[in-house]
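**Student:** just a sequence and a predicted model for now, questions to come.
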Amino acid sequence: MIEITPLFPLSARGKGMFTLGRQEILTLNQEVRSKKSQIVVKNEKKNREFGIRTFLIACAFVSVLTTVGIVMVLLFETISFFKEVSLFSFLTDTKWTPLFIPQHFGILPLLSGSLLITLGACLVALPFGLMTAIYLSEYAHEKVRRTIKPILEVLAGVPTIVYGYFALTFVTPLIRSIFPDTGVFNALSASIVVGIMILPMVASLSEDAMVAVPRSLRDAAYALGATKLEVATKVVVPAGLSGIISSFVLACSRAIGETMIVTIAAGATPKLTLNPLESIQTMTSFIVQVSGGDIEHGSIEYSTIFAVGMTLFLLTLGINIIAQWITRRYKEEY
Amino acid sequence: MSIIEVRDLNLYYGQHQALHNINMEIEANSITAFIGPSGCGKSTFLRTLNRMNDMIQGVRIDGSVKVVGEDIYESRVDVEILRKNIGMVFQQPNPFPKSIYENITFGPRLHGITDRNKLDEIVESSLKAAALWGEVKDVLKKPAYGLSGGQQQRLCIARALAVNPQILLMDEPTSALDPISTAKIEELLDELKTTYTIVIVTHNMQQAARISDKTAFFLNGELVEFDSTPVIFQNPCDKRTEDYITGRFG
Ligand SMILES: Nc1ncnc2c1ncn2[C@@H]1O[C@H](COP(=O)(O)OP(=O)(O)O)[C@@H](O)[C@H]1O
Ligand SMILES: [Mg+2]
């Protein structure tokens, strides 16, 4: 709130103003003048403001520089990779065996691994996350909401290694009891658990987007005879769509980038397959595998990390761009 | 014939009693105005008529509200059908963040109308009834938020009319509008009353005097006086009514 102090004291306003005595006018002038000096003179507060501004700009600059640095490193190493491997074989070869002879550098197995995990995770997280959000924002009593919301936020902060072991020691045996042929390492277990990991984020962020939809829009729909479900699906979700889509995108990006769970539960077998019961390898877990081994710095094996990293980066960037486009297209402004 | 009959209605927000023993009969095809100072329970009472208070947690109601002879608080009543038959327009224009066309068809679609031609027809007739057709007929696919405040409010009226209600409840529908838009809506109400029963909350007494057939004066959750508008404004029985309309308080 900005408080506006009147330039004229109250007594001087209205009727009285035209019947001021000489003395009163003098004091009035003085007051106006003193107000004026307050308005014009630069004070210490201004200097501090300037200092803080400079500091904040510097902070913003640091993060921009870091990003630029990362992209540069990625770019240079990727270029040196593509001096030895053709882009064509990188994109079309169906085998990925950079660590054995004969070496193959086809990204497809890793890409399919990552996409399999992400797809599975999204199938778990998006519908359940959205439904949780709808429940919390439209159905749950205030008390329930206030209890569950912080729990979701805590869940979103559980270290992924915990989820990894949850996948390996709980979900995998469960899957194997249903499909006995399933390997100890399999994509299904990992993708379900990645889904569980990102679910709270989807639920929490989508719920934020829905709660932000004004009460008056809900009232309008109720007054037309809409049921709760209709209000949720036809008013609240469309109005909060841009926020909901951002939560989906963030969740997707996290699923693609997820490393620990897939390394522990999905194995390290780069394989071009759509069968979720087999062991696969994702781009991230390949990077972990190579970074952990004793690969010679500057070798072709070493620069595979960056080529894969670059692919990952472009993929996430692509998803973000598509999502922005969708958001802009379907955004309902209120 | 009275279309709404309220008997011994009490309403509580938790511990706080907001309405005290209200009795009222509202005539079909008339305009009934509710006046009274802020916080006296006008909106609360209006919302009991289409059960919009159901959405507020901790609300308790006793007494009866009969619409066309049926007690609307009985458990067998379908609230959605009730609200379809009793439209509502709010203080702030609240169009959906969708196109003008979609705003009008929202209600009809809810109630199962999907035929394009039928929907087009409804859009045209509702907008005409709300005196907005001429201004928007070429921009039906444009967002409703592009309209001015007064147009938005008329759109909200059209949206309410699109589901073909019998009664129209309006909670200070012009308080957020400029005088010209207000005049347009008042003129509109006069036409609408041949088809609909209108109940309007207003804290603008001139407005009540101009447009309504009957006026109810509320104070502190009680219905102080309810009579034909000329009587209330020229010859009120109750001292408190007289004080209020002569501007002695509120
Ligand atoms: N949602 C609510 N919860 C609790 N008390 C409310 C609520 N809405 C209104 N009230 C109270 O009920 C009384 C009547 O309010 P309202 O019907 O909005 O008055 P009016 O429309 O005449 O200004 C006021 O005392 C108000 O504080
Ligand atoms: Mg009110």
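**Tutor:** Noted; the coordinates are in hand. Numbering: from 1, shown residues only, chains lettered A, B, ... in the order given. Ligands and ions are numbered 1, 2, ... in the order given.
**Student:** and chain B, which residues reach ligand 1?
**Tutor:** Neighbours of ligand 1 within chain B, by C-beta under 6 Å from any ligand atom: B:13, B:16, B:18, B:36, B:38, B:39, B:40, B:41, B:42, B:43, B:44, B:56. Every residue, glycine included, has its C-beta placed from N, CA and C.
**Student:** what's the mean pLDDT across stretch A:148-160?
**Tutor:** Averaging pLDDT along stretch A:148-160 gives 89.
**Student:** correction: stretch B:192-204
**Tutor:** Stretch B:192-204 comes out with an average pLDDT of 92.
**Student:** send me it as CSV with only the CA atoms.
**Tutor:** Taking C-alpha atoms only, stretch B:192-204 is exported to CSV below (Å, rounded to 0.1, in the frame of the first residue of the first chain):
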residue,chain,number,x,y,z
LEU,B,192,-37.3,-9.3,-19.0
LYS,B,193,-39.9,-9.2,-16.3
THR,B,194,-42.7,-10.1,-18.8
THR,B,195,-41.0,-13.5,-19.1
TYR,B,196,-39.1,-14.0,-15.9
THR,B,197,-39.5,-13.4,-12.2
ILE,B,198,-36.7,-11.1,-11.1
VAL,B,199,-35.3,-10.7,-7.6
ILE,B,200,-32.6,-8.0,-7.4
VAL,B,201,-30.4,-6.9,-4.6
THR,B,202,-29.4,-3.3,-4.8
HIS,B,203,-27.9,-0.8,-2.4
ASN,B,204,-28.9,2.0,-4.7
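**Student:** neighbouring contacts of that stretch?
**Tutor:** Applying C-beta atoms under 8 Å, 6 or more residues apart in numbering or on different chains, the contact partners of stretch B:192-204 are B:3-4, B:26-38, B:42-43, B:46, B:49, B:129, B:161, B:165-175, B:189, B:208, B:211-213.
**Student:** which among the residues of chain B next to ligand 1 count as buried?
**Tutor:** Buried members of the residues of chain B next to ligand 1, scored by 16 or more other C-beta atoms under 10 Å in any protein chain shown, are B:18, B:36, B:40, B:41, B:42, B:43, B:44.
**Student:** for those, give me JSON lines that also has secondary structure and pLDDT.
**Tutor:** What follows is those, written out as JSON lines (DSSP: H, G, I helix; E, B strand; the rest coil; pLDDT from 0 to 100):
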{"residue": "B:18", "secondary structure": "strand", "pLDDT": "96"}
{"residue": "B:36", "secondary structure": "coil", "pLDDT": "93"}
{"residue": "B:40", "secondary structure": "coil", "pLDDT": "94"}
{"residue": "B:41", "secondary structure": "coil", "pLDDT": "95"}
{"residue": "B:42", "secondary structure": "helix", "pLDDT": "95"}
{"residue": "B:43", "secondary structure": "helix", "pLDDT": "95"}
{"residue": "B:44", "secondary structure": "helix", "pLDDT": "96"}
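**Student:** could you tell me the average pLDDT over the helix or strand encompassing residue A:264, please?
**Tutor:** Assigned by DSSP states H and E, residue A:264 belongs to helix A:260-265. Averaged across helix A:260-265, the pLDDT comes to 92.
**Student:** that one packs against which elements?
**Tutor:** helix A:160-166, helix A:187-211, helix A:283-292 (3 or more C-beta pairs under 8 Å, 6 or more residues apart in numbering or on different chains; DSSP states H and E).
**Student:** closest to chain B out of the ones you listed?
**Tutor:** Between chain B and these, the shortest gap by C-beta to the nearest C-beta is with helix A:187-211, which sits at 13.2 Å.
**Student:** tilt between that closest one and helix A:283-292?
**Tutor:** Per axes from the mean of the first three to the mean of the last three C-alpha atoms, to 10 degrees, the angle that helix A:187-211 makes with helix A:283-292 is 120 degrees.
**Student:** low pLDDT regions in chain B?
**Tutor:** Where chain B drops to pLDDT under 70, the residues are B:249-250.
**Student:** tell me where it has helices.
**Tutor:** Along chain B, counting by DSSP state H, helices occupy B:42-48, B:79-85, B:100-110, B:116-129, B:133-136, B:149-161, B:179-192, B:205-211, B:229-234, B:239-245.
**Student:** JSON lines please, covering the buried ones among the residues of chain B next to ligand 1 and showing distance to chain A.
**Tutor:** What follows is these, written out as JSON lines (distance: C-beta to the nearest C-beta, whole Å):
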{"residue": "B:18", "distance to chain A": "18"}
{"residue": "B:36", "distance to chain A": "22"}
{"residue": "B:40", "distance to chain A": "21"}
{"residue": "B:41", "distance to chain A": "18"}
{"residue": "B:42", "distance to chain A": "16"}
{"residue": "B:43", "distance to chain A": "12"}
{"residue": "B:44", "distance to chain A": "14"}
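**Student:** and the residue of the stretch 151-300 of chain A closest to ligand 1?
**Tutor:** Nearest residue of the stretch 151-300 of chain A to ligand 1: residue A:215, at 10.6 Å (C-beta to the nearest ligand atom).
**Student:** residues near that residue, how many?
**Tutor:** For residue A:215, the count of nearby residues is 10 (other C-beta atoms under 10 Å in any protein chain shown).
**Student:** now do residue A:141
**Tutor:** Per other C-beta under 10 Å, the neighbour tally for residue A:141 reads 9.
**Student:** what are the phi and psi angles of residue B:41?
**Tutor:** phi 110, psi 10 (degrees, to the nearest 10).
**Student:** for it, which non-adjacent residue is closest in space?
**Tutor:** Of all residues not flanking residue B:41 in the chain, residue B:221 sits nearest, at 4.4 Å (C-beta to C-beta, 6 or more residues apart in numbering or on different chains).
**Student:** isn't the one you found up against residue B:13?
**Tutor:** No - using C-beta atoms under 8 Å, residue B:221 is not in contact with residue B:13; the gap is 10.5 Å.
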